[in-house]
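Q: Below are the sequence and a predicted model; questions follow.
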Amino acid sequence: MTKTLYLVRHAQASNSVSPDLIRPLVANGMIDAARMGRHLASKMQGIDLILTSHSERTQMTAQVFCEQLGIDNQIVKVEEDLYESSPKHYLDALSEVSESMNSVMIVGHNPSISHLAEYLTSEEIGSMPTCAVIGMTFDNLTWTQITKKSGKMTFYDSPDGIFGIKM
């Protein structure tokens, strides 16, 4: 069975709120998340679980994606270990996912989310911009078997890329 993983970097957050953990999305971040969710609706069908860090900005991004994708927000699971962590923590969270689930989204932070995307695929991704989404598949692997370069990237979209906005 094929497993599908979507890696999402949270949308743009406020730089004027402290502490870091409670930084909310700014208006442009909310708009980007809504537009990305609508844009990706046809690519992201049947998501079984959304894992997000416990930061305000990742939870807000996950909520907007749920609304735009028509997903019940009851499938969102907050994982404190995804905040200020490493790709290993993301892999640990994935290894806890039930094998009955075939499609998972993780909403996280840079640099870990970008490093994880490069680790799991053979792609050079660099630093994912805010609200960027990478889709990948894993053929005939369980969540616990996912490892270095075992995934195939199926798409990489960002607000700037899909809307032709130059940073």
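A: Structure received. Residues are numbered from 1 along each chain as shown.
Q: check which helix or strand covers the residue nearest the centre of the chain.
A: For the chain, the residue lying nearest the average C-alpha position, counting by CA atoms, centre = their mean, turns out to be Val8 (2.2 Å). Taking DSSP states H and E as the definition, Val8 sits inside strand 3-9.
Q: one step back: for the residue nearest to the centre of the chain, which non-adjacent residue is spatially closest?
A: Counting by CB to CB, 6 or more residues apart in numbering, Val107 is the residue found nearest to Val8 once chain neighbours are left out, at 4.6 Å. The way it works is simple: take the backbone N, C-alpha and C, and place the C-beta from them, glycine included.
Q: what's the burial count for that neighbour?
A: The local packing count at Val107 equals 30, with neighbours defined by other CB atoms under 10 Å.
Q: so where's the protein uncertain?
A: The model of the chain has pLDDT under 70 over residues 163-167.
Q: coming back round to it: would you check that the residue nearest to the centre of the chain makes contact with Cys131?
A: Yes. Shown here, Val8 and Cys131 form a contact pair, counting by CB atoms under 8 Å, at 7.4 Å.
Q: what residues are shared contacts of these two?
A: Counting by CB atoms under 8 Å, 6 or more residues apart in numbering, the shared contacts of Val8 and Cys131 are Thr61.
Q: Met30 and Met60 touch, don't they?
A: Yes. Taking CB under 8 Å as the contact criterion, Met30 and Met60 are neighbours in contact, 7.4 Å apart.
Q: can I assume the residue nearest to Val8 sits in a strand?
A: Yes. If the criterion is DSSP: H, G, I helix; E, B strand; the rest coil, then Val107 is within a strand.
Q: who's it bridged to?
A: Val8, Thr52 (DSSP bridges).
Q: Equivalent analysis for Ile134, please.
A: Leu7, Tyr156.
Q: Now for it, how many residues are close by?
A: Taking other CB under 10 Å as the criterion, the count of residues near Ile134 is 26.
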